[in-house]
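Visitor: need coordinates for the below:
(2 chains)
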Amino acid sequence: MADLTRRLRLPSSPIEHSIEGRAFVFSAFAVAVLAVVIYGQDYVVPILGIAAAAWGHFISYRERNRKRGFWRQALLAALVFGALFYVLADSALALFGGVLPQANFAILLVAITSFDLKTRRNCYSSLWISLALVYLAAVYAWDYAFGIVLALWALCLFGFWMGSHLRRLTAEMRGPVRPIATMLLGALLAGAALFAVLPQPSGVPVSPLVISLPNFSAFKGDIASPALPLVQLTGDATGATSSVDLHFRGRLGDAPVMYVRTGAPAYWRGLVFDTYRDGAWTASQTGYREMQPYVPPRLMPPEPPDNLGTFVQTYRVLRPMPGVISAAYPIASIYAPVAALRQDAYGTFHTPDSLHPGQTYSVVSYLPNLSVRPICSMRSWR
Amino acid sequence: MVPTARVLGALVLFLVLEWYAATSQVPWLFLLALWVVAVVLAAAVYAAWNRRGVTLHLGVGDARPAPGSPVEALPDHVLRAGPMPAPVFEGDGFGLEVALRSRRGTRGPVWAQGTVGGERIVAATGLVSADGWSRVRSMSAARRGAIGATGWSVGTSDPFGFFRGVEKTPDEEVVVVLPKFASVSGLRQSRELDASVAATRAGSGNELFGIREYRPGDSLRRIHWRSSAKRGELVVREYEPPGVQTLTIVLDRDPPSTDIADQMARIAASEAWDCLRDGGRVVLWAPGTEPLPSRDIWSVLEWLARYPSTASSPAEPVIGQDLVTVTAGNQEAADTIELARSRGARVRAWVVGDARFDVDAPVERVGTAWPI
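Guide: Here you go, the predicted structure:
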């Protein structure tokens, strides 16, 4: 057993003495936080996180040669658990506003562990968490300017590689400026060119993609409670309704209600109404079934004939919305971080509670074949 | 040029980014993954470019004389003719200069590593400019003899450590640590070693000083045919001008220990220094080696620094009017003294250690401690 544990143990990592390498690790974190601030409109935790991480880096570098103290380790572990409590509370109850709890958790994690950056492996860990932050910001990045942020983060990674390599050689952080600049510029341009030219494969997620935690509230029954200012609605506590009275139509606004990242253009739909009378649409069927928050393809209806495959959509809610899963239908599989899902008679999925800002869910949908022949061949068209 | 483990790490990072990009359909991750791969490929090109044209040079940067070092007593005009930048004597510290030069413009990172005098040396830089790069490594007190640089190699890589190349360099001699010495003439006088055995030599003023290689313009009558036949090249006799003392210093062929050899070299150097300082000439010889006639203290010291030599030669010494043997009690030394006496030379002997040494000549016994 002891032999097995010895073999499974990671090789020891050297103490990172390169102050330049550590500066690049911190810079990578700062770039990632900047991306979250710009593209996630999240401000308080990122600013606090940057300040704490800067202090932590200073402490870590100054005390890198000292042995780790028990009480400090215990305190840092307690803070990590505190951050975990934060992300649970913010995800489930929106105690701190519910804005990007995953990103805030990652920021807090980097800030806390910055006080314990002793080895090169620790520095790599900090880098990878900041990479996760970049990923979270990339989910919401819709303009090419994000490429600059990404390039800055990549340069920080390359800078850390250079700093740690030269320090390992006991060399100073210097180099032929022009050749190195040429190499980096060439690599960035070549990478961008390959990015433009190469096809980007699309894979089926093997696990829920979005870092999120379930909302533990349950379905609360049928209480009339209009939720959206857009239209007059009557429905349950989630804001979902069985009728829309067009006499009460409100005013449209420009504020986005959700961000959707999708692999293909599609029609998204939510509630279905099948009866129109006196200026109001109503849903005549009221049956439903409850399902787990992750609905795999085997629990869904068979895939439509002549479909062109599947594609993934990731939704991030920006404003309070009814508890209705808006998505491209027909759905192959769905994951929403809630306690359970309800599917109505029209196939629309509902959440137990209304959707809060910051909530995310992902859907895999079939890509319908809308060419003439398949449509004409459908039985209903004969 | 070989890839390092970091290439594997970059490849893993690329695959993780590609996988996440493909499953989450966040295209930015594709871009980041491609940048990682592009940098690795660019680093390979850089490493191939960087490994060309860098050469290693090892030498003495400076010397730090120890207390009692002969450097402090040597006059400036003698020091100016010495090894550059400074002579290194036993016990002196010195700075080992590790210099990297590039024939094709700036390069870096470059590192050099190897062993000097049994000590592992590593020197590295991120930048070798067109003017070169050097670092001086402080070396501790040295022992007499040649200090060699062995197992040296020059390594190059890209700035990120993805690829590295190593080229070995031939072993070389970095510095010759010279024996300590001090004037012993005062010591001899005080101990009345300078007494007697004075015999007037016939032919004084036209003494044979030694032999050297033939140079154009030399008289053919001076050619020493027997030595020429032995050497396979023409050599001529060299005569000293009248009135110049020639001191022949004879050492043992094979001293019993390093400490005794060191002490013999010091005493021989001291005798040579006294002679040369007074305008004389010195012939150094140990049985089985080529004799060294010299008027230059530095060549004498270098010969003594390398003593005992592993080279083998059947040559015999040229015995001038004075002969000093420095021995640990060797019978060959006694025979040499008898031979010199038979030729009418003034003879003295230094015996290092307690060995019995019975000769009909003044003998001074010393231990291995210095100064004596």
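Visitor: burial count for A:Ala2?
Guide: Residues near A:Ala2, counting by other CB atoms under 10 Å in any protein chain shown, number 6. From N, CA and C alone the C-beta is placed, and that goes for glycine too.
Visitor: and the residue of the stretch 151-300 of chain A nearest chain B?
Guide: Per CB to the nearest CB, A:His165 is where the stretch 151-300 of chain A lies closest to chain B, at 3.3 Å.
Visitor: confidence score at that residue?
Guide: You'll see A:His165 listed with a pLDDT of 95.
Visitor: please apply the same query to A:Val177.
Guide: pLDDT at A:Val177 comes out at 95.
Visitor: for A:Ala187, what are its contacts?
Guide: Counting by CB atoms under 8 Å, 6 or more residues apart in numbering or on different chains, A:Ala187 touches B:Trp35, B:Ala38, B:Val39, B:Leu41, B:Ala42.
Visitor: now the residues you listed in CSV, with distance to chain A?
Guide: Formatted as CSV, these follow (distance: CB to the nearest CB, whole Å):
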residue, distance to chain A
B:Trp35, 4
B:Ala38, 4
B:Val39, 4
B:Leu41, 7
B:Ala42, 4
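Visitor: how about the nearest residue to B:Asp158 once chain neighbours are set aside, secondary structure?
Guide: Leaving out its chain neighbours, the residue that sits closest to B:Asp158 by CB to CB, 6 or more residues apart in numbering or on different chains is B:Ala43, at 3.8 Å. Secondary structure state of B:Ala43, per DSSP: H, G, I helix; E, B strand; the rest coil, is helix.
Visitor: and the strands in chain A?
Guide: For chain A, applying DSSP state E gives strands covering A:233-235, A:241-245, A:258-262, A:268-269, A:275-277, A:280-282, A:288-291, A:294-295, A:310-317, A:327-328, A:331-335, A:341-344, A:349-350, A:360-366.
Visitor: the ones you listed into CSV, with extra columns for distance to chain B, mean neighbour count and mean pLDDT?
Guide: Compiled in CSV, these are given as follows (distance: least, CB to the nearest CB, whole Å; neighbours: other CB atoms under 10 Å in any protein chain shown; pLDDT from 0 to 100):
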stretch, distance to chain B, mean neighbour count, mean pLDDT
strand A:233-235, 32, 20, 48
strand A:241-245, 32, 19, 65
strand A:258-262, 6, 17, 90
strand A:268-269, 16, 16, 88
strand A:275-277, 37, 10, 83
strand A:280-282, 34, 16, 78
strand A:288-291, 23, 12, 87
strand A:294-295, 15, 18, 90
strand A:310-317, 5, 21, 91
strand A:327-328, 13, 23, 92
strand A:331-335, 13, 22, 92
strand A:341-344, 21, 20, 89
strand A:349-350, 21, 24, 91
strand A:360-366, 9, 24, 92
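Visitor: by proximity to chain A, which residue of chain B wins?
Guide: Across chain B, no residue is closer to chain A than B:Gly161, which sits at 3.3 Å (CB to the nearest CB).
Visitor: distance check, that residue against A:Asp116.
Guide: Distance, B:Gly161 to A:Asp116, using CB to CB, to the nearest Å: 25 Å.
Visitor: residues touching the residue of the stretch 151-300 of chain A closest to chain B, list them.
Guide: A:His165 sits next to B:Arg6, B:Pro109, B:Ser157, B:Pro159, B:Phe160, B:Gly161 when contact means CB under 8 Å, 6+ apart.
Visitor: got these as TSV, with neighbour count and secondary structure columns?
Guide: Formatted as TSV, the contacts of A:His165 follow (neighbours: other CB atoms under 10 Å in any protein chain shown; DSSP: H, G, I helix; E, B strand; the rest coil):
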residue	neighbour count	secondary structure
B:Arg6	19	helix
B:Pro109	28	coil
B:Ser157	27	strand
B:Pro159	27	coil
B:Phe160	30	coil
B:Gly161	21	coil
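Visitor: just flag the most distant two among the residues you listed.
Guide: Within these, B:Arg6 and B:Pro109 form the most distant pair, 13.7 Å apart (CB to CB).
Visitor: just for chain A, where's the confidence low?
Guide: Within chain A, the ranges that satisfy pLDDT under 70 run A:92, A:94, A:97-98, A:202-253, A:278-279, A:378-382.
Visitor: got the domain boundaries for it?
Guide: As recorded under automatic domain parsing, the domains making up chain A are A:10-197, A:233-381.
Visitor: state the pLDDT value of B:Thr156.
Guide: B:Thr156 carries a pLDDT value of 96.
Visitor: please report phi then psi for it.
Guide: With angles defined as degrees, to the nearest 10, B:Thr156 sits at phi -140, psi 160.
Visitor: what's the burial count for it?
Guide: Residues lying near B:Thr156 (other CB under 10 Å) number 26.
Visitor: correct me, but B:Ala43 touches B:Pro109?
Guide: No. B:Ala43 lies out of contact with B:Pro109 (CB atoms under 8 Å); the separation is 11.7 Å.
Visitor: sorry, back to before: any chance of TSV for the contacts of A:Ala187, columns neighbour count?
Guide: As requested, the contacts of A:Ala187 are arranged in TSV below (neighbours: other CB atoms under 10 Å in any protein chain shown):
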residue	neighbour count
B:Trp35	28
B:Ala38	23
B:Val39	27
B:Leu41	16
B:Ala42	23
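Visitor: what is the nearest of the residues you listed to A:Leu10?
Guide: For the contacts of A:Ala187, the closest approach to A:Leu10 (CB to CB) belongs to B:Val39, at 25.5 Å.
Visitor: residues touching that closest one, list them.
Guide: B:Val39 makes contact with A:Ala154, A:Phe158, A:Met183, A:Leu184, A:Ala187, A:Gly191, B:Ala10, B:Phe160 under the criterion CB under 8 Å, 6+ apart.
Visitor: top of the residues you listed by number of neighbours, please.
Guide: Tallying neighbours with other CB under 10 Å puts B:Phe160 at the head of the contacts of B:Val39, with 30 neighbours.
Visitor: just the pLDDT at that residue, thanks.
Guide: On pLDDT, B:Phe160 comes in at 96.
Visitor: show me what contacts the nearest residue to it once chain neighbours are set aside?
Guide: Leaving out its chain neighbours, the residue that sits closest to B:Phe160 by CB to CB, 6+ apart is A:Trp161, at 4.0 Å. Counting by CB under 8 Å, 6+ apart, A:Trp161 makes contact with B:Arg6, B:Pro159, B:Phe160, B:Gly161.
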